[in-house]
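Chemist: With the input below, show me the fold.
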Amino acid sequence: MHSVKILAGATFATAILCSPSAWSAAPVVYSGSGANATTALDAFRAAIGGAKNTGAPEMSGRREISWDGVRLDGTDVNPNTQVVDSGNTVIIPVDRFRAQGALFEDPYAVSGDGFASVNPATAGQFPAFSPNNTFVMQDDTPYQFDDRFIGQSFTIPGTATAAGTRGFGAIFVDVEKAGSSSIEYFGHDSSGHEVSLGTFNVPTGTSGEPQFLGVLFDQPVVTDVKLAVGTNTLFNFDGTHFQSFGAENLAGGTDLAVTDDFVYAEPTMAAAIPEPSSYALMLGGLSLLGLIAYRKRPAFNQL
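Modeler: Now for the predicted structure:
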């Protein structure tokens, strides 16, 4: 894999030549931490183009989920939203944001106090990027805190019809350990088989800082994403009682994190990933292109 970094002030995009998930144009990564998270997010929005959509399906533009519309007191618009700690933390059903073309793999947690109500040891550690609510997974098995993944598939907004998007990005908060948090992108080939389009690591920062990671493709090939958020989940909830994980311990390899805003290109009919036999020649071309780029690459200043 050969990466070419395009630097522009405080933000940068990384164009990656990769296989087997390669097509007419390489995916572009938008990434930043701290103040650069906002810059990278805005650049990602601009690259998607169009308006922020909120209603019926569109053919262009983007969707955004900030979690701030979720009611935390038991009066949420979706009656299946479950209260964990009234006024502070709830578990939303998988279809809570179907109107925005998002369908989650499992019920996940939304909090208005940075999850301090369910893990007091992390109070103040996760300030919201866009106040006040943040989003994270939780383990539903008592004494287990290993389920750190958020799975999301895309649908035509307002329906259960599977769809694809050209790109997806998310705000993370408090990622401090390299490799602890990432986003993996998936598509499907013409036979319906799931294909990984690559795993991309979230940049790191200092305690309480936001991070942004987004990847944009040239076609709506992304049907699903999987976010790894930190090394462990903050709490578990068995439907009646919750248990706190406890404090972060970076020296011991534990990095706790949450997410905030999700941004993605308007979900539309998904484009299929080429079958392996059809992109064999493409791989050879990309390998040659990568070798040429390597031999001719200029010396960039690293951020």
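Chemist: I figured residue 228 hits residue 151, correct?
Modeler: No: Residue 228 lies out of contact with residue 151 (Cβ atoms under 8 Å); the separation is 10.5 Å. Placement of C-beta: from N, CA and C, glycine included.
Chemist: what kind of secondary structure is residue 187 in?
Modeler: The local conformation at residue 187, judged by DSSP: H, G, I helix; E, B strand; the rest coil, is strand.
Chemist: tell me, how many neighbours does it end up with?
Modeler: By other Cβ atoms under 10 Å, 23 other residues sit near residue 187.
Chemist: Relative to residue 238, how far out is it?
Modeler: Distance of residue 187 to residue 238, given as Cβ to Cβ, to the nearest Å: 35 Å.
Chemist: mind checking pLDDT for the nearest residue in space to residue 178 that is not next to it in sequence?
Modeler: In space, not counting the residues next to it along the chain, residue 178 is nearest to residue 204; the distance is 5.5 Å by Cβ to Cβ, 6 or more residues apart in numbering. If you check residue 204, the pLDDT there is 98.
Chemist: Please apply the same query to residue 19.
Modeler: 36.
Chemist: same check, this time on the one 5 residues further on
Modeler: Among the per-residue scores, residue 24 holds a pLDDT of 62.
Chemist: circling back to that earlier point, quick check, the residue nearest to residue 178 in a helix?
Modeler: No: residue state for residue 204 (three-state DSSP) corresponds to coil; a helix is not indicated.
Chemist: show me what contacts it?
Modeler: Taking Cβ atoms under 8 Å, 6 or more residues apart in numbering, we find residue 204 in contact with 33, 175-178, 211.
Chemist: Of those, which pair is most distant in space?
Modeler: 33 and 177 (12.8 Å; Cβ to Cβ).
Chemist: Which one's more surrounded, the two?
Modeler: residue 33 (21 against 16).
Chemist: The closest residue in space to the more buried one that isn't next to it in sequence - how many residues pack around it?
Modeler: Counting by Cβ to Cβ, 6+ apart, residue 33 lies nearest to residue 205, which is 3.7 Å off, once chain neighbours are set aside. Look at residue 205: counted by other Cβ under 10 Å, it has 20 neighbours.
Chemist: What of residue 199?
Modeler: Going by other Cβ under 10 Å, the residues that sit close to residue 199 add up to 11.
Chemist: right, and it touches residue 186 too?
Modeler: No: taking contacts as Cβ under 8 Å, residue 199 lies outside contact range of residue 186: 10.2 Å.
Chemist: Can you pull up the most central residue in this protein?
Modeler: residue 170 (4.2 Å; Cα atoms, centre = their mean).
Chemist: What strands line up against the strand or helix carrying that residue, and which way round?
Modeler: Using DSSP states H and E, residue 170 sits in strand 167-173. If you go by DSSP bridges, strand 167-173 pairs up with strand 210-216 (antiparallel), strand 258-265 (antiparallel).
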